[in-house]
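**Q** Quick one, what's the 3D model for this:
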Amino acid sequence: MLVREIVLEIMGPGVILYSPPAVAHIREGADYLREHFWKPEDVAQHVMACQLTAFATGSPGSFRLRFRDGPPDDRDVLAADFKLRLGFQVRAGTFCVRDLYDLAHWAAECPTEQQASVSDGWYRLTVLSSLPRSGLIGDNQVIEVNMEPTHVMPKLRWNGVPQLCTSARA
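**A** Numbers count the residues shown, from 1 in each chain. Below is the predicted model of the structure:
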């Protein structure tokens with residue numbers, strides 16, 4: 001079931017997802033990107049903590065993120081050109097989706113059209129996408145994000161930045 005579709009125009013190389021309480025410590029106007037989110041190992045640490053998570057899209061552009069309830073269909077996973085597994089904790093019933101570059105000059109207020117409401121808790125995210133018909137990453141590209149509730153924080157292993165659109169189809 002579709003929870004929410006968020007259309008996002010990004011200037012940076014990726015997307016961040018978070019629940020507002022997870023980023024409450026970032027001061028207004030801070031360059032959190034350079035200070036805490038620039039090195040691949042720092043991004044991996046954030047992603048594995050499932051609080052401020054991120055993935056590289058491989059390009060700036062226009063993306064349609066479709067958030068769905070529950071695990072993905074096996075056929076959708078097999079058909080996708082690009083796939084990732086992430087984790088995420090929702091608190092206060094809301095999560096936000098933003099351009100990675102928003103971390104460079106932080107503003108705590110997330111635009112309403114980039115927010116979604118879901119139940120609090122841990123989620124395992126299966127992120128799927130394929131090249132748009134144009135063959136250009138970021139050309140109104142659809143990204144399916146399946147949100148599967150879990151009872152505990154998902155165990156992840158990342159050594160660097162999760163790369164969505166550079167993963168090769170197996």
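**Q** what does the longest helix along the chain contact?
**A** Assignment by DSSP state H gives helix 40-49 as the longest helix of the chain. Here helix 40-49 makes contact (Cβ atoms under 8 Å, 6 or more residues apart in numbering) with 36-37, 52-54, 86-87, 156-162. Bear in mind the C-beta positions are built from the backbone N, C-alpha and C, glycine included.
**Q** Give me the buried subset of the residues you listed.
**A** 36-37, 52-54, 86-87, 156, 158, 161-162 (16 or more other Cβ atoms under 10 Å).
**Q** Just name the closest of those to residue 75, please.
**A** Closest approach to residue 75 among these (Cβ to Cβ): residue 86, at 21.0 Å.
**Q** Just to be sure, that closest one is in a strand?
**A** Yes - residue state for residue 86 (DSSP: H, G, I helix; E, B strand; the rest coil) corresponds to a strand.
**Q** Pretty sure it sits against residue 164.
**A** No - counting by Cβ atoms under 8 Å, residue 164 is not a contact partner of residue 86; they are 9.6 Å apart.
**Q** anything in contact with each of these two?
**A** Contacts common to residue 86 and residue 164, judged by Cβ under 8 Å, 6+ apart, are 55, 127.
**Q** for this protein, which spans come out with low pLDDT?
**A** The chain contains residues with pLDDT under 70 at 167-170.
**Q** quick one, strands of it?
**A** Along the chain, the segments classed as strands by DSSP state E run 2-10, 14-18, 52-56, 61-69, 82-90, 94-99, 115-117, 121-129, 141-150.
**Q** and of the ones you listed, who's closest to residue 75?
**A** Distance to residue 75, taken as Cβ to Cβ, is lowest for strand 121-129 among those, at 11.0 Å.
**Q** what residues does that closest one touch?
**A** Taking Cβ under 8 Å, 6+ apart as the rule, strand 121-129 contacts 17, 50, 53, 55, 71-72, 76-77, 80-90, 141-154, 164-165.
**Q** Next one: residue 85 from residue 31, what distance?
**A** Relative to residue 31, residue 85 is positioned 29 Å away (Cβ to Cβ, to the nearest Å).
**Q** cool, residue 48 as well?
**A** Separation of residue 48 from residue 31 (Cβ to Cβ): 23 Å.
**Q** neighbour count winner among these two?
**A** Between residue 48 and residue 31, counted using other Cβ atoms under 10 Å, the more crowded position is residue 48 (18 against 14).
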